[in-house]
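Student: Would you be able to build a 3D model of this:
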Amino acid sequence: MKATTFATLCGAAILPAVFLLGQGGRTFKPVTEEMLKNPSPNDWLMYNRTYDSQRFSPLTQINKGNVGDLRMAWSRQQAAGSQETIPLVHDGVMYLQVPGAAVQALDATNGNLLWEYTRNVPANQKTAAKAKTIAMSEDMIYWTAPDAVVALDAKTGEIRWEAKTDARGQSQGAVIAGNKVISGGTCANAASCYLSAHDAKTGKLLWKFYTAARTGEPGGDTWGDTPDDKRTAATWGLGGTYDPATNAIIWGVANPTPNSRAERHGGKYQDLPNHGPMDLYSDSTIAIDADTGKLKWYYQHLPGDDWDEDWTNDRTLVSTTLNPTAATAKWFNKKIKPGERRDIVLATGEPGGVFALDKHTGEFLWANPWPYDVPNFFIKNIDENGLVYLNESLLFTGPNQDRIVCFFNTRSYWAQGYSPITNSLYVPFVDTCNSVHTKDLNTRSAHDGVVRDPSKPNEFSGVSKINAATGKIDHIFKGPAPINGAMLLTAGDLLFFGDLDRNFRALDAASGKVLWEQKIGGPIANSTITYAVNGQQYVAVLTGDGLLTGSVVRYAPGVNPPKGANSLYVFALPKK
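Tutor: Next comes the predicted model:
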């Protein structure tokens, strides 16, 4: 990828559009590395607020005692297109990707436009642009436009540099990692299946890490005889994070393709192992050295995927004592000393399941079926070494067969969250499984989500509170409408999130009691954040249609949100 500065672009025939309405005398404060490590409670500087990706805000103005008084402070309609992103806020200015392949800066107190940058790409790319995250550092905003990684001037929206991309789809977004911009996306082919790091100041490409291991590389032999140009495993979903303490990029990788084991392994069905490692680094958590781009460790949650499931999306970093037991975790590492403190990675997957791993080594600590322990859950066992064994009854033994595997899209690119107050991970779920049909060899298998049987329509979706120390799972909220909104935890003992039936809610984070709710104009899409300006705390949420909105909604009879209702809603307490 070649980085191009704004000066170079001035010689081009077609320029992107920048509309600058002025900052009203604002003095911009650069976002330093120290600020990224220890952000002001007033700011939301990363998609999950902090490097540990906890989505926990220390703000307390809005709390359990007064959240019922929340009122809409302002709203802003948006153009047509995909809506999957999460805004950032710094020093009273909100930055966000908006539908139509554009980035805006808004006054975070009233929604007034300060500047807008629109990418000059074909119309079909404009409406499909759906990077889930933007990032910021110093005086730049980083965005994965449909055709490039782009750095914009945070004060004006003008291009500072851009690095053109190849065939990689720019669906994931940008994540800041110290002085680097990390990004991933969808794979058009094996050559475009990678994470990349660019110098945050210049846009220079520093390294690529290919997420499907190649012949001669560590993990390459786990693909067997599959040719290198047929090995793909994307990072299309919500991005991972950076851990300054270990200088590691900690990321999730999606399923291998083609979707079935037989398609990837020369027609073999029954002579393939039911455990890992297999098809690395698909369906894994990986830790990459931020300076070199080399692998530090990996853990494979789903070895040899046969059903087109995913383990991409965010990872949450927590320091906690550990005390898993047979009563709280179906599988756990017997070497753990009760009460010992560990730095851990918490991960949940599209097919269900929740895992705790050691942040430094990837060592398996504990895991549970999630959201429910059912007979057709994809994992049969996890041994004393942390090796995952698949449920053999669900693996295909030939063409033209059917299986129902649990779960499927039970969570996706809508972010999980963590509260240090309860030492718990909060994850939304939908109670769907994967109906898969294999066709003739060399023909792609077909699959579709189905509501799990048996399940209750009025409990189709919910929020799980998962204790980080023990693995114990409590479903603290259930309802009929699918939840696609990001979890937001606050020091006011609150949990905020929204669903596809236009409900935006605040719950007691400990008990799950609903303390406030309001219908808004569209289905809630990821997004939920909080911030403060001039002593006033705000909570913001986006509505609109993402990649999975339509497919998830059809599982829930009676839920029929308006399409194309792209808007930004911001709430606050009445001013005294």
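Student: Now do the host helix or strand of Val150: which elements does it pack against?
Tutor: Counting by DSSP states H and E, the element that carries Val150 is strand 148-153. Helices and strands in packing contact with strand 148-153 are listed as strand 140-145, strand 159-164, strand 180-186; criterion 3 or more Cβ pairs under 8 Å, 6 or more residues apart in numbering; DSSP states H and E. The C-beta positions use only the backbone N, C-alpha and C, and glycine is treated the same way.
Student: which neighbours does it have in its sheet, and in what orientation?
Tutor: Its sheet considered, strand 148-153 pairs with strand 140-145 (antiparallel), strand 159-164 (antiparallel) by DSSP bridges.
Student: how far off strand 180-186 does it point, in degrees?
Tutor: Angle between the axes of strand 148-153 and strand 180-186 is 140 degrees (criterion: axes from the mean of the first three to the mean of the last three Cα atoms, to 10 degrees).
Student: Now do strand 148-153: everything it contacts.
Tutor: Residues from elsewhere that reach strand 148-153, judged by Cβ atoms under 8 Å, 6 or more residues apart in numbering: 1, 103, 117, 119, 139-144, 158-165, 170, 174, 181, 183, 196, 198, 200, 203.
Student: do stretch 385-392 as well
Tutor: Residues outside stretch 385-392 that contact it (Cβ under 8 Å, 6+ apart): 274-276, 299-304, 306, 333, 363-364, 376-383, 405.
Student: can you map out the helices along the chain?
Tutor: All helices of the chain, identified by DSSP state H, fall at 6-9, 33-37, 123-128, 261-264, 549-553.
Student: related to what we said a few turns ago, list buried residues within the contacts of stretch 385-392.
Tutor: 274-276, 299-304, 306, 333, 363-364, 377-379, 382, 405 (16 or more other Cβ atoms under 10 Å).
Student: of all the strands paired with strand 148-153, which lies closest to Ser435?
Tutor: Ranking the strands paired with strand 148-153 by distance to Ser435, with Cβ to Cβ as the measure, places strand 140-145 first at 32.8 Å.
Student: Nearest the geometric middle of this protein, what residue?
Tutor: Central residue of the chain (Cα atoms, centre = their mean): Leu238, 2.5 Å from the mean position.
Student: if I look at it, how far off is Glu33?
Tutor: Here the distance between Leu238 and Glu33 works out to 23 Å (Cβ to Cβ, to the nearest Å).
Student: isn't Thr321 right up against Asn467?
Tutor: No. Using Cβ atoms under 8 Å, Thr321 and Asn467 do not qualify as a contacting pair, with a distance of 11.0 Å.
Student: The two - which one has more neighbours?
Tutor: A count of neighbours by other Cβ atoms under 10 Å puts Asn467 above the other of Thr321 and Asn467, at 18 against 14.
Student: what bridges to that one?
Tutor: The partner list for Asn467 in beta bridges (DSSP bridges) reads Ser424.
Student: Can you give me every residue that contacts it?
Tutor: Asn467 makes contacts with Thr328, Thr422, Asn423, Ser424, Ile473, as judged by Cβ under 8 Å, 6+ apart.
Student: What does the pLDDT read for it?
Tutor: Looking at Asn467, its pLDDT reads 98.
Student: count of neighbours near the residue nearest to Thr257 when sequence neighbours are not counted?
Tutor: Once its chain neighbours are removed from consideration, Thr257 has its nearest residue in Thr232; the separation is 4.7 Å (Cβ to Cβ, 6 or more residues apart in numbering). Using other Cβ under 10 Å as the criterion, Thr232 is surrounded by 24 other residues.
Student: Thr232 touches Cys193, doesn't it?
Tutor: Yes. Using Cβ under 8 Å, Thr232 is in contact with Cys193, at 4.9 Å.
Student: Excluding chain neighbours, what is closest to Thr85?
Tutor: Distance criterion Cβ to Cβ, 6+ apart; nearest residue to Thr85, sequence neighbours excluded, is Gln97 at 4.5 Å.
Student: Quick check: the gap between that neighbour and Ala565.
Tutor: Distance from Gln97 to Ala565, counting by Cβ to Cβ: 17 Å.
Student: Look at the two and report which has more neighbours.
Tutor: Neighbours were counted for Gln97 and for Ala565 using other Cβ under 10 Å; Gln97 has more, 30 against 18.
Student: The more buried one: what's it in contact with?
Tutor: Applying Cβ under 8 Å, 6+ apart, one finds that Gln97 lies in contact with Thr85, Val103, Ala129, Ala131, Ile134, Trp143, Gly173.
Student: among the residues you listed, which are in strands?
Tutor: The strands, defined by DSSP state E, take in Val103, Trp143, Gly173 from the contacts of Gln97.
Student: okay, the second one: pLDDT?
Tutor: Right, the one you point to is Trp143. With respect to pLDDT, Trp143 scores 98.
Student: quick one on the thing from earlier: my guess is the residue nearest to the centre of the chain contacts Trp311. True?
Tutor: No. No contact is recorded between Leu238 and Trp311 when judged using Cβ under 8 Å, the distance being 11.7 Å.
Student: Mind listing the shared neighbours of Thr232 and Cys193?
Tutor: Between them, Thr232 and Cys193 have Cys187, Ala212 as joint contacts when contacts are counted by Cβ under 8 Å, 6+ apart.
Student: Can you pull the poorly scored residue ranges out of the chain?
Tutor: 1-16, 19-25 (pLDDT under 70).
Student: gap between Tyr269 and Leu547?
Tutor: 31 Å.
Student: what sits against Val436?
Tutor: With contact taken as Cβ under 8 Å, 6+ apart, Val436 is in contact with Asp306, Trp307, Asp308, Phe396, Asp402, Arg403, Ile404, Val405, Ser445, Ala446, His447.
Student: how about those in CSV, adding distance to Leu59?
Tutor: CSV is the format used below for these (distance: Cβ to Cβ, whole Å):
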residue, distance to Leu59
Asp306, 45
Trp307, 41
Asp308, 40
Phe396, 50
Asp402, 50
Arg403, 46
Ile404, 44
Val405, 41
Ser445, 47
Ala446, 47
His447, 42
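Student: Which ChimeraX command selects the buried ones in these?
Tutor: Here the buried members of the contacts of Val436 are turned into a ChimeraX selection, burial being counted by 16+ other Cβ under 10 Å:
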select :306,307,308,396,403,404,405,445,447
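Student: out of the contacts of Val436, which are inside strands?
Tutor: With strands defined by DSSP E, the entries of the contacts of Val436 inside them are Asp402, Arg403, Ile404, Val405, Ala446, His447.
Student: hang on, Lys29 packs against Asp91?
Tutor: Yes. Checked against Cβ under 8 Å, the pair Lys29 and Asp91 is within contact range at 5.3 Å.
Student: Of the two, which one has the most company?
Tutor: More neighbours surround Asp91 than the other of Lys29 and Asp91, with 16 against 13 (other Cβ under 10 Å).
Student: what sits against the more buried one?
Tutor: Arg26, Phe28, Lys29, Asn42, Asp43.
Student: repeat for Ala367
Tutor: Ala329, Lys330, Trp331, Phe332, Gly353, Val354, Phe355, Ala356, Ile379, Ile382, Gly471.
Student: To what extent is the fifth one buried, counted in neighbours?
Tutor: What it means is Gly353. Other residues within reach of Gly353 by the criterion other Cβ under 10 Å amount to 25.
Student: Sweet, I'm off.
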